[in-house]
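Trainee: turn this into a model:
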Amino acid sequence: MKNRKEESKKPIGALLLGVLGVVMLGTAVAIVMFAMQGPKSQQATQPEADVSTPKPMPTPTPEVDRLSAAKAKALAWSPDALLVGASTAVDSSDTWIYEFSSLTKKGKVDQITVVGTAVTAEEEITRTVQGGEVPTDIITSDEAKAKALAIPGYADAKVLGVEMLYGPDGKQWYWGVKTDHGTVTVNAKQ
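Mentor: All right, here's what the predicted structure looks like:
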């Protein structure tokens, strides 16, 4: 039979050996990490993000004003309204039709007509579609038209209409520029 002193030494010895191993391993890792960093003067430094500077607001344009008017009306229809798409009315670049969806009003769409920057009509229609938040860094419809007409074979095309749609992947907005040569899809992201 072993005496109590021998039994109590083994766990303490094992514990001390374990602690020493952890300390040595931690020191080795720290040395390797320090060595991998190289001298401080050669390290690339990243400037700290300035969290006090707010993101710039979109520059007021007729498109931003039209969308703001339509969005205000849609939020009165449903507080969780998200834009599904926007398109010009036939033969008019000043009349736009906006459609908004809502999770709380499943299967319904709020269709809003804006002339200039004034809402002139609103109608709830039955349709199941998905909408999304519109990023502030998208190109304008005029920029989308210019990109479409810059494609070889489209320089002399007549623009019949423009629409902005939320992509089927639920992540991307794009412009559809309808011309007499066909429709050109343009990524709305700048």
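
Trainee: contacts, neighbours, all on C-alpha from now
Mentor: OK.

Trainee: domain-wise, how is the chain divided?
Mentor: Split into domains by automatic domain parsing, the chain comes to 60-133, 135-190.

Trainee: save those domains as JSON lines, and put in mean neighbour count and mean pLDDT too.
Mentor: JSON lines is the format used below for these (neighbours: other Cα atoms under 10 Å; pLDDT from 0 to 100):
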{"stretch": "domain 60-133", "mean neighbour count": "18", "mean pLDDT": "88"}
{"stretch": "domain 135-190", "mean neighbour count": "17", "mean pLDDT": "89"}
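
Trainee: tell me where the protein has helices.
Mentor: Using DSSP state H, the helices of the chain run over 4-37, 62-77, 141-149.

Trainee: what helices and strands are in contact with the shortest one?
Mentor: In other words, helix 141-149. Counting contacts by 3 or more Cα pairs under 8 Å, 6 or more residues apart in numbering; DSSP states H and E, helix 141-149 packs against strand 159-166, strand 173-179, strand 182-187.

Trainee: show residues contacting it.
Mentor: The set of residues that contact helix 141-149 without belonging to it, under Cα atoms under 8 Å, 6 or more residues apart in numbering, is Y154, A155, D156, A157, V159, V162, W175, V177, V184, T185, V186, A188.

Trainee: K189 contacts T140, correct?
Mentor: No: counting by Cα atoms under 8 Å, K189 sits too far from T140 to count as a contact (9.7 Å).
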